[in-house]
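Q: Model the following, please.
(2 chains)
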Amino acid sequence: MAKTKKTETEQPLRKGGLFAYAPAPESPAAAGEIATSYGHFVGGEFVDSSGSEALKTVNPATGQVLAEFAQGTEEDVDRAVKAARAAFADWSALPGSERAKYLFRIARIVQERSRELAVLESIDNGKPIRETRDVDLPLVAAHFFYYAGWADKLDFAGFGPNPRPLGVAAQVIPWNFPLLMLAWKVAPALATGNTVVLKPAETTPLTALRFAEICRQAGLPTGVLNIVTGDGRTGAALTAHPDVNKVAFTGSTPVGRAIARQLAGSRKKLSLELGGKAANIVFDDAPLDQAVEGIVDGIFFNQGHVCCAGSRLLVQESVQDELLDALKRRMGTLRVGDPLDKNTDIGAINSAAQLARITELAEAGEREGAERWAPECELPGAGYWFRPTLFTGVSQAHRIAREEVFGPVLSVLTFRTPAEAVEKANNTPYGLSAGIWTEKGSRILWMANRLRAGVVWANTFNKFDPTSPFGGYKESGYGREGGRHGLEPYLNVEALDV
Amino acid sequence: MSETAARIAIFKTYKLYVGGKFPRSESGRVYEVTDTKGQWLANAPLGTRKDARDAVLAARAAVKGWAGTTAYNRGQVLYRVAEMLEGRREQFAAEVAAAEGVGAKKAAALVDAAIDRWVWYAGWTDKVAQVAGGANPVAGPFFNLSVPEPTGVVGVLAPRAGHGFSLLGLVSVVAPAIATGNTVVVAAAEQAPLPALALGEVLATSDVPGGVVNLLSGRTADLAPTLASHQDVNALDLAGAIDPEGPGAAAALEAAAADTLKRVVRPAADPSAVDWTAAPGTGRLLSFLETKTVWHPMGT
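A: Down below sits the predicted model:
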């Protein structure tokens, strides 16, 4: 850590040292005590795995091991599903107004402990404390508040009379927003009366395990929420378990596909939130400074580890030079380094594997003829880092324009007419999000209408809210999270016989 | 000269309905369709995988226009289908009676119910957006709106069983999909395709743009896997997938659909127990919709 900080102080923010920042690190001790090893959380208590295999989670900013945790076996998964099954009858029979109180309690405790959780999240994930503190944690609490309020109002949600919970929900979440993805999954599942077995990602299990403690503090009945840690093998065992009624997955499209195939014929309800390759479209009449902020926020927020990241910049040819100059200038001010420093804009890449993937795709971009640019900035010696990078001269056939990089890498393409922008934006099997920058209201609406994407941000980007449905078109998955729509994946809505 | 010979009836050659036209199958082949007692009724075209692909092309080409038309206009068109069907009640009653082995009176009631179902869905076209979408009260200075949009091309396996399956069941799966702006490729009930093929004649005279509804007869085991695996089909309604196993079985089709992450409506647990005269809910109507959420800052 000390080394990281030193590097940062030596790095002038602007040439000439204008606005040099002093280090402003958050104390790692605020994360609370991290145990040396963790078991699963099943039936209201932490239990050892039936197997002996343990995985390690590291601090991606230093490469140091934070803790060991259990690699969940099929037996572990079975035990957790049994606990969830046993808890289902009482939990689903509880009046909605009483179920809600547990969720309200959880929301409050998350708020009370948000500093601890934010620091722990930054340490385990590598994302800047500014983001965990100002984005992740407030949204986590807000999600529980929002869905708590639905628990006793399901009859009025518009899904027909007497909406019923499905049963045991198997939930597998990714590492990019560990606690927020947990909240997106757990809050609506519990509000609707389901019980849960959740598997956090194998590089970021710590906040989920800490969340288990919060459930205990909230007095949540035992077995209502169970957490089994492990890698993809554990996830596969969970989604394939015969006694789960619902599977919810957020992650890559290939894994989503495999789960959909696995569940074929099972009659289990499935919701998928998968990859994306969003176009962020800038017209010549856009407010350029605002657009630049939006582009930066779109692709460098959370190191670009965002499924809805604006990873393809589509800029109208007439303002390309002006915009790219402004964008490069802005990228030069981004501070890469210690995630716990409150001034850090871009933290650590989450894992060595992800860094290798980003590196490989960026190299493919160069090989295929796109021009690579990144601001000069020193990277810390230890840990996993990648400079904010942009590629110009990108064609639609390039891998960096087609594949999800899931890192701080922006591909720049150009267009001349709105119709061409729509054509290029939609030229992907993904359909999660899109951005539009123009001062012309009618053009925003015209574009928004034609973009095949589940979320369209106009003159803004990467905004989230518990009341606002989120989810994809096409191969970005199906089902929505957030809002009234987010209840449907967890309800046995009216029969489809007719 | 005063004696008149008994008139010889004119048989109808049934054809596929694809892209607003009535082609024969590219296979040049037909198969025999019988009533429930085994009496020959007609030769139906044996639609092939190639016919299914052609139909998907037609359906895809029709998406932009149909999804782009106003909801009011789509309602007018669906209501027009009901009007056209009303004028041909006797013909359809005879076809339904033969297809399902029910008496004339029951068949007539099923046709009436099918007409009324078109009217029900005609009324939904300009209401579903308010029921399924709306303003989201986000915690910030943003205008935030969710709107439902059609998924695109829907592959439909028409019901092959249940009370009223041959026409009423068909209408019950086609109308909700197109009411919201999708286009469909329908594999008609293999053993009883005549009401479906005749429905094409109604659609062709009902202001339904060519390609919005495409109707294929033939082996479901050929047509269904083609639709399930087709890259340009966005969703599947498996109402008529009742083979217990093989490529036409629901599980196999669902697995094939997973490759392109198609939205799938599964068949009823017991398709033969379905009563298509039961009042429809909004389940199918909402199944082939995507929710698009648009954000915009508010300020001066």
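Q: With adjacent residues omitted, what lies nearest to the one residue in chain B that gets nearest to chain A?
A: Across chain B, the shortest distance to chain A (C-beta to the nearest C-beta) belongs to B:A251, at 2.6 Å. Where C-beta positions appear, they are placed from N, C-alpha and C, glycine not excepted. In this structure, B:A251 finds its nearest non-sequential neighbour in A:G265, 2.6 Å apart by C-beta to C-beta, 6 or more residues apart in numbering or on different chains.
Q: now the helix or strand containing A:L117: mean pLDDT?
A: According to DSSP states H and E, A:L117 maps onto helix A:114-125. Averaged across helix A:114-125, the pLDDT comes to 98.
Q: contacts for that helix?
A: Defining contact as C-beta atoms under 8 Å, 6 or more residues apart in numbering or on different chains, one finds that helix A:114-125 is touched by A:26-28, A:30-32, A:34, A:57, A:59-61, A:66, A:110, A:127-129, A:132-133, A:136-138, A:140-141, A:175-176, A:178-179, A:203-207, A:210-211, A:339-340, A:347, A:350.
Q: Now go through those and say which are in helices.
A: A:110, A:129, A:137-138, A:140-141, A:178-179, A:206-207, A:210-211 (DSSP state H).
Q: Pick the one among those closest to B:R29.
A: Distance ranking of these against B:R29, using C-beta to C-beta, places A:P178 first at 58.0 Å.
Q: which residues in the stretch 301-450 of chain A form strands?
A: Using DSSP state E, counting those that start in this stretch, the strands assigned to the stretch 301-450 of chain A run over residues A:312-316, A:371-373, A:389-392, A:409-415, A:433-437.
Q: Quick check: which element contains the residue nearest to the spatial centre of chain B?
A: In chain B, the centroid-proximal residue (C-alpha atoms, centre = their mean) is B:V174; its distance is 2.7 Å. Assigned by DSSP H and E, B:V174 belongs to helix B:170-179.
Q: And the ones in helices among the contacts of helix A:114-125, which is closest to chain B?
A: Distances from chain B to the ones in helices among the contacts of helix A:114-125, taken as C-beta to the nearest C-beta, are shortest for A:P138 (8.9 Å).
Q: what's around the closest one, how many residues?
A: By other C-beta atoms under 10 Å in any protein chain shown, the residues close to A:P138 number 17.
Q: do the one 10 residues further on as well
A: A:A148 has 24 neighbouring residues, counting by other C-beta under 10 Å.
Q: Grab the nearest non-local neighbour of it.
A: Once flanking residues are discounted, A:A148 sits nearest to A:L103: 3.4 Å by C-beta to C-beta, 6+ apart.
Q: Surely that neighbour is in contact with A:Y146?
A: No. Judged on C-beta atoms under 8 Å, A:L103 makes no contact with A:Y146 at a distance of 9.2 Å.
Q: Overlap of the contact sets of these two?
A: Each of A:A187 lies in contact with both A:L103 and A:Y146 under the rule C-beta under 8 Å, 6+ apart.
Q: Tell me which residue lies nearest the centroid of chain A.
A: Chain A has A:F177 as the residue nearest its centroid, 3.9 Å off, counting by C-alpha atoms, centre = their mean.
Q: From A:I34, how far off is it?
A: Computed as C-beta to C-beta, to the nearest Å, the A:F177 to A:I34 distance reads 20 Å.
Q: if we can go back for a sec, would you double-check that the residue of chain B closest to chain A falls in a strand?
A: No. Per DSSP: H, G, I helix; E, B strand; the rest coil, B:A251 lies outside any strand segment and is helix.
Q: Give the burial count for it, as a bare number.
A: Per other C-beta under 10 Å, the neighbour tally for B:A251 reads 18.
Q: And B:S229, by the same measure?
A: Neighbourhood size, B:S229 [other C-beta under 10 Å]: 18.
Q: List the residues that contact it.
A: The contact partners of B:S229, taken as C-beta under 8 Å, 6+ apart, are B:256-257, B:259-260.
Q: Please apply the same query to A:N226.
A: Counted by C-beta under 8 Å, 6+ apart, A:N226 has contacts A:40-43, A:80-81, A:83-84, A:195-198.
Q: ok, now A:G232?
A: By C-beta under 8 Å, 6+ apart, A:G232 lies in contact with A:202, A:255.
Q: So for whatever residue of the stretch 51-200 of chain A ends up closest to chain B, what pLDDT did the model give?
A: Closest to chain B within the stretch 51-200 of chain A is A:G160: 5.9 Å, counting by C-beta to the nearest C-beta. Per-residue confidence (pLDDT) for A:G160: 81.
Q: I figured it hits B:T282, correct?
A: Yes. A:G160 lies in contact with B:T282 (C-beta under 8 Å); the separation is 7.4 Å.
Q: Compare the two and say which one has the larger neighbour count.
A: A direct count of neighbours by other C-beta under 10 Å for A:G160 and B:T282 places B:T282 higher, at 18 against 15.
Q: Roughly how far does the more buried one sit from A:P161?
A: Relative to A:P161, B:T282 is positioned 12 Å away (C-beta to C-beta).
Q: what about the residue of chain A found nearest chain B, which SS state?
A: Nearest to chain B, among the residues of chain A, is A:G265, at 2.6 Å (C-beta to the nearest C-beta). Assigned with three-state DSSP, A:G265 falls in the coil class.
Q: Show me the helices in the stretch 1-150 of chain B, by range?
A: For the stretch 1-150 of chain B, the helices defined by DSSP state H, counting those that start in this stretch cover B:49-68, B:71-86, B:89-100, B:104-124, B:128-132.
Q: can you dump the C-alpha coordinates of the longest helix anywhere in chain A into PDB?
A: Longest helix in chain A, counting residues (DSSP H): helix A:74-93. Output in PDB follows, covering the C-alpha atoms of helix A:74-93 (Å, rounded to 0.1, in the frame of the first residue of the first chain):
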ATOM      1  CA  GLU A  74     -22.400 -30.300  -4.500                       C
ATOM      2  CA  GLU A  75     -23.000 -31.400  -1.000                       C
ATOM      3  CA  ASP A  76     -22.600 -27.900   0.400                       C
ATOM      4  CA  VAL A  77     -25.100 -26.600  -2.300                       C
ATOM      5  CA  ASP A  78     -27.500 -29.300  -1.400                       C
ATOM      6  CA  ARG A  79     -27.300 -28.500   2.200                       C
ATOM      7  CA  ALA A  80     -28.000 -24.800   1.500                       C
ATOM      8  CA  VAL A  81     -30.900 -25.600  -0.800                       C
ATOM      9  CA  LYS A  82     -32.400 -27.800   1.900                       C
ATOM     10  CA  ALA A  83     -32.100 -25.000   4.400                       C
ATOM     11  CA  ALA A  84     -33.800 -22.600   2.000                       C
ATOM     12  CA  ARG A  85     -36.500 -25.200   1.300                       C
ATOM     13  CA  ALA A  86     -37.100 -25.700   5.000                       C
ATOM     14  CA  ALA A  87     -37.400 -22.000   5.600                       C
ATOM     15  CA  PHE A  88     -39.800 -21.400   2.600                       C
ATOM     16  CA  ALA A  89     -43.100 -22.400   4.100                       C
ATOM     17  CA  ASP A  90     -42.900 -20.000   7.100                       C
ATOM     18  CA  TRP A  91     -41.200 -17.200   5.200                       C
ATOM     19  CA  SER A  92     -43.800 -17.200   2.300                       C
ATOM     20  CA  ALA A  93     -46.600 -17.500   4.800                       C
END
